[in-house]
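predicted model follows, preceded by the sequence.
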Amino acid sequence: MTAYDDQNIFAKILRGEIPNVTVYEDDDTLCFMDIMPRTDGHCLVIPKTPCRNVLDANDAQLAAVMSTVRKVANAAKTAFGADGVTLQQFNEAAGGQEVFHLHFHIHPRHEGVSMRPAGTMGDMDAIKAHAEAIRAAL
């Protein structure tokens, strides 16, 4: 298994070197908004400890992350009046992973509405408003 790279963007966010729009934080996890949102309310949950992905995560990291994913997914569903939630999680480059720090994407979803294409920067004012809506639902 490849070693964890502490220069990945999420490690830099955890160290405060790159700003983020925080939705939720506890001792073990951080949830923040995706700046290239594919849905309104698209956010990410990561462990605060080094971990490339599910394949090298320990049980405590997975338990902490999944607890936060459930909590935030329910809040996002409520905040956006969504019909459901899509979770995405990728492992290794061949599996679609681009940032090599364990993370789960949370997408509030509405019946019949497709996700937007990947890779488009979002409007920061809208992203901040979406974070506030999720925080209010927590």
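Done, it's in.

separation between the residue positioned nearest the centre of the chain and residue 128?
With the centre of the chain defined as its mean C-alpha position, the nearest residue by C-alpha atoms, centre = their mean is residue 44, 0.6 Å away. Using C-beta to C-beta, to the nearest Å, one obtains 15 Å as the distance from residue 44 to residue 128. All C-beta atoms are positioned from the backbone trio N, CA, C, and that covers glycine.

show me what the longest helix seen in the chain is packed up against.
Counting residues, the longest helix in the chain under DSSP state H turns out to be helix 59-79. Here helix 59-79 touches strand 22-25, strand 29-33, strand 43-47, strand 84-88, strand 104-109, helix 124-137, going by 3 or more C-beta pairs under 8 Å, 6 or more residues apart in numbering; DSSP states H and E.

okay, those in TSV with mean pLDDT and distance to residue 115 next?
What follows is the helices and strands packed on helix 59-79, written out as TSV (pLDDT from 0 to 100; distance: least, C-beta to C-beta, whole Å):
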stretch	mean pLDDT	distance to residue 115
strand 22-25	98	19
strand 29-33	98	15
strand 43-47	98	14
strand 84-88	98	7
strand 104-109	98	6
helix 124-137	98	15
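
now render the ones you listed as a markdown table, adding distance to residue 76.
What follows is these, written out as a markdown table (distance: least, C-beta to C-beta, whole Å):
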| stretch | distance to residue 76 |
| --- | --- |
| strand 22-25 | 8 |
| strand 29-33 | 10 |
| strand 43-47 | 7 |
| strand 84-88 | 7 |
| strand 104-109 | 5 |
| helix 124-137 | 5 |
